[in-house]
Structure formats: C-alpha cells, structure tokens
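**Student:** requesting a structural model of the entry that follows:
(2 chains)
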Amino acid sequence: MPSRNGSVYGLTLLCPILNDPAAVPSHDLQIRDHLATLSRGADSMFALAPGTHLARLVVLDDVVYVGAPACEEHLKSKYLVFESNCDGDRDSYLTGLAKAIPGELDTIWKHCAGYPPGGANDLARFLAYMKKCEIETTFFFAPVNNKTVTETLVALRNKHAIAHFIAQHQGVKPAQVRASILALRDKLNAAPDPKPAAVHVERTMDTGGRNE
Amino acid sequence: MSNINGKVYAMNAVTPMKPWKTWILRVLFWVLGAVKPLQSDLINLKFIQFARWVIVPAGGFPYLGGAQKRESLRYDYLFFFSNFNGTWNQYIDAFSAVLSDGLNMIWRWSEKFPGSVPVTAFKSYIASVQYDTDYYFTAYPQATLNDVEAAHLVNQAFGSLCQDAADQTEEQFSHAYLQFVIACQSHLGSTGAAPMVF
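**Tutor:** All right, here's what the predicted structure looks like:
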C-alpha cells in the first residue's frame, strides 16, 4: 500500500473548506487565524494525541498558473490540507486523535464542508468523513520507517544519557563499568516515556520563508 | 505560521500535469518503490525525514456534496510534501547537484518544469509552485534525521550490550564494552542548535 512505508503511515487529507459569502471573516481565514495561535510544544494538540511524528496543516487557496502554454484554471473551493506521518493506520490514528483532542479537531474542521455535526465525538461519521477526504499517497519516502514516536523519543533521550555515561566512565575498571551500565539500563527502563515536542529549540528567526 | 519547526522545514509544492502524463509518473514511482537501490541517493543525502508525492487526478479532489461545487479541472496535480533538515537553499542546491536525474524524472511531466539544472531556474520554479505551511508539528524538533538514526543505533547497541553483560566474565565484558564504544563513537554527538540564517 503506497500510503504505508514500514510501520509509518502517510496520511494525506484534502478537506474542502466552506465557501460562505456571509461568513466574515471567511472560513479559510478563520482557519488560518486559529492555526497561527496554536502551540507547537508539549501542550500542542498533536503532542497530546498519540502517534504523530510530523504533521502539517496547509490552507490551499488555489492551484498555481505556471504560465503559457499551460492553461490557467482555478479551484472552486479552498482546501484544508492535512499531511501526517504517523504510527498505525488511518483509522487507528484518527481514532486516537478523536479520543484525545476532539475539541481541537472540531475547532479547525468545523470550517470544512461535510464535517459531521457531531464532530470528532461522533467517531463513526468522523472516520467516514476523513476517509472521503483521504488521497492515497503515490510514493512515500521514510528512511526511518520501523520506529514509533515513543521509540524515537526514548532513543533520543537514552542516547544523551549513554553518551554522558561513556564520557564519565573512561578509565574506569570493567567490573565497575558493568555494574554502572546495568544500573543505567534499569534507570532508563523505569523512567517515564519522554513527551512529544517537549524539547524547545531556540531560533532567533522563525519565519521559514523560501529563502531561509 | 512558519515552514520551520526546530530543525525541520515543511515544503509544500503543487504542480499541474496533463492527465495522459500522469500514468507514466505512476509507473515510475512504482518502479522507484519496487527497486530499492534506485532510492540510494535519496537515502544517502540523509536530510529528509519524510517525503511524499501525491497525484490528485483532475476529478479526484474530494467532493462532499451540499453547497460545495464540484471541481472541473483540465490538469491532474502533483502534490509534494517534504520534511527536511537544513535551509531551503541547501535543500534545493543538494537536490540539483546530487539528484538532478531523479528530479527530472519526477517533475518533467509537470507543466513548465525547467529542469533541475541550472539551479537558478529550478529554484524560481519551485518558489512559484510552493505553498507556505500554516501549522507545522514535529514530535522531536531538536533532532535531524542523522540524530534520529544515531539515537536508534546507540540505543540498540546499548540494549545488546546490557542483555549479555550479566552473564559475561569481566574480560568478556571489557571486550564487549570496547566494541560497543567503537561502534557508537561516531554517533554520540549532542543534537545541538538549529541552523542559523543570516
């Protein structure tokens, strides 16, 4: 199945946005305004729900006219694009989102045509709606395709601890190293799983423009 | 709104294709998926965490009924979503320098694609068909692909070392630990700071 690469699923949704001339601001602007306010840290919606490695939301206004001799054409609707690289499959992943962050999903998707009135709490209709909006991935590239989000976060945390251990135990007798490394293993195994997006990365610029 | 989160950049590009060309591209993607060595250059660049190409046929835009108007389009559309490390310029430059044949194979079917070499025209084209990301999430913003791969390698080696350690003689463990450190030594660097743009 091209939407899957190993244990990672590439979910792509195109959700038509409501086109209501009476809505002020328009629904696409309301989505944009709301997305601009959202956290991306450990308290963010995709951190609170399970299984998201990387995900994005894009408001697609229209297709691009690339110039003659190509023909100019336009979309009749704007679309909310949801691209997620996640654990599990479409239904298990979306079920996880619906159970963990139903309000957050509804706040965004209520601006989309055909979104069920019961929102994410009406699980069957929510999944059916998302299935209708899904576009099958044609080619999905994932160089690390066999680790879950939790496994990756644990590995990143453990690597840091192991590097520190190796540095601190240079020249130490093997018997002591063995005792200490087994204690480290037990400590790491007992530690709670790291939370997604918990590490903040300092950037002085965060514009992400095309020349950055 | 930002295309960047931590060390990862989210690129979105949408290009039109004449429908008769789409099937050629589908076959090419199938071959790329089936013949893994063809992906080696892409894998060895080691800066793409996830990427996908999605062909949306002219009649394939979801139609949910009600007041929504059904699309009536001449072209199929190739959506490209990439999650890569480094800057936009580094990414396009690397693709142009290392993967020009592969890029041409994929995008030559899109209207007005100028080719991936020379890079200036290629960058202009990509900039014209690129859409900005309105919300971008990553579970590990501090980690590049190299960081993730290194973490799994070190963690796996650590697990193997510990699994056997209790039953080994001191000499055996000493040897095993040395081999463990040698295997991991290139992968122990901290995740470090995000790239700076001046």
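
**Student:** which residues in chain B form strands?
**Tutor:** Residue ranges of the strands in chain B, as given by DSSP state E, are B:4-5, B:8-17, B:48-56, B:76-85, B:130-131, B:135-138.

**Student:** most packed of the ones you listed?
**Tutor:** strand B:135-138 (a mean of 26; mean count of other C-beta atoms under 10 Å in any protein chain shown). Using the backbone N, CA and C atoms, a C-beta is placed for each residue, glycine as well.

**Student:** quick one: list the elements packing against that one.
**Tutor:** helix A:45-48, strand A:52-60, strand B:4-5, strand B:8-17 (3 or more C-beta pairs under 8 Å, 6 or more residues apart in numbering or on different chains; DSSP states H and E).

**Student:** other residues contacting the lowest-mean-pLDDT helix or strand in chain A?
**Tutor:** Lowest mean confidence among the helices and strands of chain A (mean pLDDT, DSSP states H and E): strand A:4-5, at a mean of 92. Outside of strand A:4-5, the residues within contact range by C-beta atoms under 8 Å, 6 or more residues apart in numbering or on different chains are A:Gly10, A:Asp89, A:Phe140, A:Phe141, A:Ala142, A:Asn145.

**Student:** per-domain residue ranges of the chain.
**Tutor:** All of this is about chain A. Domain assignment for chain A, taken from automatic domain parsing, gives A:4-133, A:149-190.

**Student:** not quite, I wanted chain B
**Tutor:** Split by automatic domain parsing, chain B gives B:4-131, B:145-187.

**Student:** now for those domains, which one comes closest to chain A?
**Tutor:** Among those, the nearest to chain A by C-beta to the nearest C-beta is domain B:4-131 (2.9 Å).

**Student:** what about that closest one, average pLDDT?
**Tutor:** When pLDDT is averaged over domain B:4-131, the result is 94.

**Student:** all strands of chain A, in order?
**Tutor:** Under DSSP E, chain A gives strands at A:4-5, A:8-16, A:52-60, A:79-87, A:139-141.

**Student:** same list (these) but as CSV, adding distance to A:Lys159 and mean neighbour count.
**Tutor:** Formatted as CSV, the strands of chain A follow (distance: least, C-beta to C-beta, whole Å; neighbours: other C-beta atoms under 10 Å in any protein chain shown):
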stretch, distance to A:Lys159, mean neighbour count
strand A:4-5, 23, 19
strand A:8-16, 20, 24
strand A:52-60, 17, 24
strand A:79-87, 20, 24
strand A:139-141, 24, 23
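
**Student:** need those in JSON lines with distance to A:Gly67, can you?
**Tutor:** What follows is the strands of chain A, written out as JSON lines (distance: least, C-beta to C-beta, whole Å):
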{"stretch": "strand A:4-5", "distance to A:Gly67": "35"}
{"stretch": "strand A:8-16", "distance to A:Gly67": "25"}
{"stretch": "strand A:52-60", "distance to A:Gly67": "20"}
{"stretch": "strand A:79-87", "distance to A:Gly67": "23"}
{"stretch": "strand A:139-141", "distance to A:Gly67": "27"}
